[in-house]
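**Student:** Kindly return the folded structure for what I paste below:
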Amino acid sequence: MHSDCGKTTTTKKRLKVVFINIKMKSDVEKMESEMHDLTKSMANISEVCSSVNSALGPKREKIRQLTNIQNSLKRHQQSS
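**Tutor:** Purely as a prediction, here's the structure:
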């Protein structure tokens, strides 16, 4: 009877190890999937940022030009 108890304990330990291994594998697979999704999201964000930057580039340059003109006018007014 005592040896049956030892077998049961050993079987429970083995099952626990198997369960832990399955859980770890599942967790790793989930992390891999999440990393893949994150990588795709980052690529999409990068594309959108690039598009926004391209669209705003000419306006940014125009603002620089107007700011330079405004600064020149201020200097001219102050010197007059």
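**Student:** just for the protein, where's the confidence low?
**Tutor:** Residue ranges of the chain with pLDDT under 70: 1-6.
**Student:** If we use 50, what do you get?
**Tutor:** Along the chain, the model assigns pLDDT under 50 to residues 1.
**Student:** Could you check how far V28 is from E34?
**Tutor:** Applying Cβ to Cβ, to the nearest Å, the value for V28 to E34 is 11 Å. C-beta coordinates here come from the backbone N, C-alpha and C atoms, glycine included.
**Student:** And the strands in this structure, which stretches?
**Tutor:** Along the chain, no stretch is classed among the strands by DSSP state E.
**Student:** Find the centremost residue of the chain, please.
**Tutor:** Taking Cα atoms, centre = their mean, the centroid of the chain lies closest to L38, which sits 5.1 Å from it.
**Student:** Helices along the protein, start to end?
**Tutor:** 2-79 (DSSP state H).
**Student:** For R64, give its distance to N53.
**Tutor:** Distance from R64 to N53, by Cβ to Cβ: 15 Å.
**Student:** cool, and Q70?
**Tutor:** Shown here: Q70 relative to N53, a distance of 24 Å by Cβ to Cβ.
**Student:** can you check H76 too?
**Tutor:** 34 Å.
**Student:** what do you get for A43?
**Tutor:** On the measure of Cβ to Cβ, A43 and N53 end up 16 Å apart.
**Student:** S26 too?
**Tutor:** Distance from S26 to N53, by Cβ to Cβ: 40 Å.
**Student:** swap in N21?
**Tutor:** 47 Å.
**Student:** again, but for E34
**Tutor:** E34 sits 28 Å away from N53, going by Cβ to Cβ.
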